[in-house]
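Undergrad: Please work out how this folds:
(chains A and B)
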Amino acid sequence: MVSYMIKRFLFLIPLWLGISFVVFIFLQMAPSDPAEILLRKEGIDPTPEALVAKQKELGLHESPLLQYGRWLVRVIRFDLGTSYRTGEAVTKELSDRLPATLELTLISFMLIVLFALAAGLMTSLKSHGVLDRIGLILTIAGTSIPSFWLGLLLIYLFSVKWGWFPVMGRGNLFHLVLPALTLSFGITLVQARLLRTSLQEILNQNFITVAMAKGVSRSRILLIHALPNALLPFLTTLGMTLGRLLAGAVIVETLFSWPGIGRLAVEAILQRDYPVIQGYILFTAFLFLLINLCVDIGYRLLDPRIESGSM
Amino acid sequence: MKLFGSIIVLILVVIALFAPLMAPHPPLHMDLDRRLEGPNQTYLLGTDHLGRCLLSRLMEGTRYSLGIALLTQAIALLIGITIGMIAGYRGGGLDFLLMRLVDLTLAFPSLVLSLAIIGFLGPGIQNAMLAFALVHWAYYARLIRGMILEIKGRKFIEAARSIGVRPFRMLLRHYFPNLYSPLLVIASLDTGRVIFALSGLSFLGLGSQPPTPDWGIMLNEGRLFLNTAPHLMLFPGMAIFLTVMGFNLLGESLIEPRTSMSTFYNRRTFS
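TA: Next up is the predicted model:
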């Protein structure tokens, strides 16, 4: 197990290097010249001479591969450069904004677990009826609602019309309700449906029939006999939703003016703040890989039947 | 359910094709005396903050959204099919290399990668489309490679090989026709996702730019008038919702009933 963990961790390195290389290439492809942006920022007229001098200062005249090496060394030392807009270190900007995003994604995650478990359990007992049909249609309809529209509808109903929740910003728990609901809605439906499907598969197996023949109560069969078996696939997909929440936060944060890293990224893109964009991508990619690693390891800890050797 | 999806898609296609003929007003015409009006007799769905007819803009938006969605998907499919077929057919080192590239692309949430591409190329609908295609091809490539490997062992391929059919013709005439129907299903299911993704990017201000009658932009503009004119965000959102649902239902109905659930839920959604 330990050797698997180490192997799996080492496997992250090429993946992350790959993404860092891709980010670097994009940076080279970017239509605007960082030297020019910096000069304008400093209020210097970007004459050809000034540009060349600045490019030399930034090391832009060297070969791309050498630049990549230098850049990579800096990144590994947590030096992601400074923001063009604020002049602050990108690492500081990211770490300032990170708590808000973590708060939002974790609360959404908890909502997903709670509601998906409840809905999955409740619907698992009735199969192939009219209710099942309606459930499927609702799921398809629910997953077809764009999060940015759902968020707007919620704001309109609960904030503008009824005034129950604040419209935007971050503060107490009330501020969290609408963004978290928006972020978790679609994923909850899918997760509930998944749990229901795997529960139903298990409920058809022989050991459930035996338990029923022994006269075990329905709720006990469902919770004690069936649920633990259905939990494993449920947990794996749950782990994957963390990454999706992180990505989905970009839209929800922008919509609700939530001061997280997703909104930071959108602001940076709109204002061509390349160091911040690059920092956001490297950081999110790293976070995402880390989450996947944890899910993988957790999965194996929960179910030792899975062979440690296969990756 | 099957019928429902087809009907929605059919209506959308008709609107998209005949939008200029059907729209009651020119989509960019501003009637500045009648701004932010609710649904009324002249303007069936009301007007926006510049006095433009919402219904006409939605219709033009159908044409626009479906058009760019199809184009984006065509680009992604083209790259995906080419690379998937080459990898599956050739095998060996090239296959290994291409598949690692696919792994790398699929290892991250697609929105984050799209943001990376748009971030460095700059906001705009071409870049948004490119970003989506450059991320999404990997998904198709992996799928098509799998299908090619499956077909590879069949008798008719062996027969074709034994009479000396050349690789190019082999791929085009013997492999490709077998990919047809699965690709149709995938394309249908994915159209909804492309529309999701592109309208989401436009909503963030990273895709199409005003005054394009894009649904995402209309939603973004509408949210500023949430208090006074909620219809401005209601109808464009409804348009996206119905369109995505139409394509999802159509895709669902195209898949065999038994496999439908698993395919639907194993998909990574964009937003």
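Undergrad: Every contact and neighbour count from this point should use C-alpha atoms.
TA: Fine.
Undergrad: What is the neighbour count of the residue nearest to residue B:44 when sequence neighbours are not counted?
TA: Once flanking residues are discounted, residue B:44 sits nearest to residue B:55: 6.6 Å by C-alpha to C-alpha, 6 or more residues apart in numbering or on different chains. By other C-alpha atoms under 10 Å in any protein chain shown, the residues close to residue B:55 number 21.
Undergrad: Wait, residue A:91 touches residue A:76, no?
TA: No: under the criterion of C-alpha atoms under 8 Å, residue A:91 makes no contact with residue A:76, lying 11.9 Å away.
Undergrad: more neighbours, those two?
TA: A side-by-side neighbour count of residue A:91 and residue A:76, using other C-alpha under 10 Å, places residue A:91 first with 19 against 9.
Undergrad: where's that one, which helix or strand?
TA: Residue A:91 is located in helix A:90-124, with elements delineated by DSSP states H and E.
Undergrad: Need the contact partners of the helix or strand following that helix.
TA: Per DSSP H and E, the first helix or strand lying C-terminal to helix A:90-124 is helix A:130-143. Identification of contacts with helix A:130-143 by C-alpha atoms under 8 Å, 6 or more residues apart in numbering or on different chains yields A:123, A:126, A:185-187, A:189-190, A:193, B:245, B:248-249.
Undergrad: packing partners for the helix or strand just after helix A:130-143?
TA: Toward the C-terminus, helix A:130-143 is succeeded by helix A:147-154 as the next helix or strand (DSSP H and E). Applying 3 or more C-alpha pairs under 8 Å, 6 or more residues apart in numbering or on different chains; DSSP states H and E, we find helix A:147-154 packed against helix A:173-203, helix A:227-255, helix B:231-254.
Undergrad: Domain-wise, how is chain A divided?
TA: Under the assignment automatic domain parsing, the domains of chain A span A:2-76, A:100-310.
Undergrad: Would you enumerate the residues in contact with residue B:70?
TA: Counting by C-alpha under 8 Å, 6+ apart, residue B:70 has contacts residue B:191.
Undergrad: Helices of the stretch 151-271 of chain B, start to end?
TA: Counting by DSSP state H, counting those that start in this stretch, the segments of the stretch 151-271 of chain B that form helices are B:155-162, B:167-169, B:176-203, B:215-222, B:231-254, B:257-265.
Undergrad: Let me see the backbone angles for residue 47.
TA: With no chain named, the answer covers chain A. Per-residue torsions, residue A:47: phi -70, psi 160 (degrees, to the nearest 10).
Undergrad: um, chain B though
TA: Note on residue B:47: its backbone torsions stand at phi -130, psi 160 [degrees, to the nearest 10].
Undergrad: where does the chain dip in pLDDT?
TA: All of this is about chain A. Scanning chain A for pLDDT under 70 picks out A:31-32, A:59, A:126-129, A:169, A:306-311.
Undergrad: nope, chain B please
TA: Applying pLDDT under 70 to chain B flags the ranges B:1-2, B:255-271.
Undergrad: what's the distance between the longest helix seen in it and the middle of its chain?
TA: Longest helix in chain B, counting residues (DSSP state H): helix B:54-90. On the basis of C-alpha atoms, centre = their mean, to the nearest Å, helix B:54-90 sits 6 Å off its chain's mean C-alpha point.
Undergrad: Just after that helix, pick out the following helix or strand.
TA: Proceeding N to C from helix B:54-90, the next assigned helix or strand is helix B:92-106, under DSSP H and E.
Undergrad: Summarise which helices and strands that following helix is packed against.
TA: Contacts defined by 3+ C-alpha pairs under 8 Å, 6+ apart place helix B:92-106 against helix A:2-29, helix B:54-90, helix B:125-152.
Undergrad: With distance to residue A:60 as added columns, please give the ones you listed in TSV.
TA: Output for these, formatted as TSV (distance: least, C-alpha to C-alpha, whole Å):
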stretch	distance to residue A:60
helix A:2-29	10
helix B:54-90	32
helix B:125-152	25
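Undergrad: what's the closest of those to residue A:295?
TA: Proximity to residue A:295 (C-alpha to C-alpha) singles out helix A:2-29 among those, at 11.5 Å.
Undergrad: quick one: the longest helix of chain B to helix B:176-203, angle?
TA: 140 degrees (axes from the mean of the first three to the mean of the last three C-alpha atoms, to 10 degrees).
Undergrad: I figured residue A:146 hits residue B:198, correct?
TA: No: if you go by C-alpha under 8 Å, residue A:146 and residue B:198 don't touch, sitting 11.1 Å apart.
Undergrad: tell me the centre residue of chain B?
TA: Centroid-nearest residue in chain B: residue B:194, 2.7 Å away (criterion: C-alpha atoms, centre = their mean).
Undergrad: check contacts around that residue.
TA: So, once contact is read as C-alpha under 8 Å, 6+ apart, residue B:194 ends up touching B:69, B:72-73, B:132.
Undergrad: Redo those as TSV? Include distance to residue A:284.
TA: Listed next are these as TSV, based on distance: C-alpha to C-alpha, whole Å:
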residue	distance to residue A:284
B:69	27
B:72	25
B:73	26
B:132	18
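Undergrad: Of those residues, which is the nearest to chain A?
TA: Among those, residue B:132 lies closest to chain A (C-alpha to the nearest C-alpha), at 14.4 Å.
Undergrad: My read is that that closest one contacts residue B:72, right?
TA: Yes: assessed by C-alpha under 8 Å, residue B:132 is found in contact with residue B:72 at 7.2 Å.
Undergrad: number of nearby residues for residue 213?
TA: With no chain named, the answer covers chain A. That count, for residue A:213 with other C-alpha under 10 Å as the rule, works out to 9.
Undergrad: hm, I was asking about chain B
TA: With other C-alpha under 10 Å as criterion, residue B:213 counts 24.
Undergrad: how about the nearest residue to the residue positioned nearest the centre of chain A, chain neighbours excluded?
TA: The centroid of chain A falls nearest to residue A:246 when counting by C-alpha atoms, centre = their mean (2.1 Å). What sits nearest to residue A:246 in space, not counting adjacent residues and going by C-alpha to C-alpha, 6+ apart, is residue A:105, at 6.6 Å.
Undergrad: Can you give me every residue that contacts the one you found?
TA: When contacts are counted by C-alpha under 8 Å, 6+ apart, residue A:105 touches A:180, A:183, A:242, A:245-246, A:249.
Undergrad: between those, which has the most around it?
TA: residue A:183 (31 neighbours).
Undergrad: Distance check, that one against chain B.
TA: 9 Å (C-alpha to the nearest C-alpha, to the nearest Å).
Undergrad: close enough to count as contact, that residue and residue A:247?
TA: No: the pair residue A:183 and residue A:247 does not pass the contact test of C-alpha under 8 Å, sitting 10.0 Å apart.
Undergrad: and residue A:258, helix, strand or coil?
TA: Here residue A:258 is recorded as coil under DSSP: H, G, I helix; E, B strand; the rest coil.
Undergrad: List the residues that contact it.
TA: For residue A:258, the contact set (C-alpha under 8 Å, 6+ apart) comprises A:100, A:168-170, A:252.
Undergrad: Same check on residue A:264?
TA: residue A:97.
Undergrad: wait, is it part of a strand?
TA: No: assessed with three-state DSSP, residue A:264 is helix; it does not lie in a strand.
Undergrad: Next one: it from residue A:17, what distance?
TA: Using C-alpha to C-alpha, to the nearest Å, residue A:264 is found at 24 Å from residue A:17.
Undergrad: Would it be right to say that residue B:116 lies in a strand?
TA: No: when the secondary structure is assigned by three-state DSSP, residue B:116 falls in helix instead of a strand.
Undergrad: Report the secondary structure state of the residue lying closest to it once chain neighbours are set aside.
TA: Excluding the flanking residues, the one nearest residue B:116 by C-alpha to C-alpha, 6+ apart is residue A:281, at 6.5 Å. Following three-state DSSP, the label given to residue A:281 is helix.
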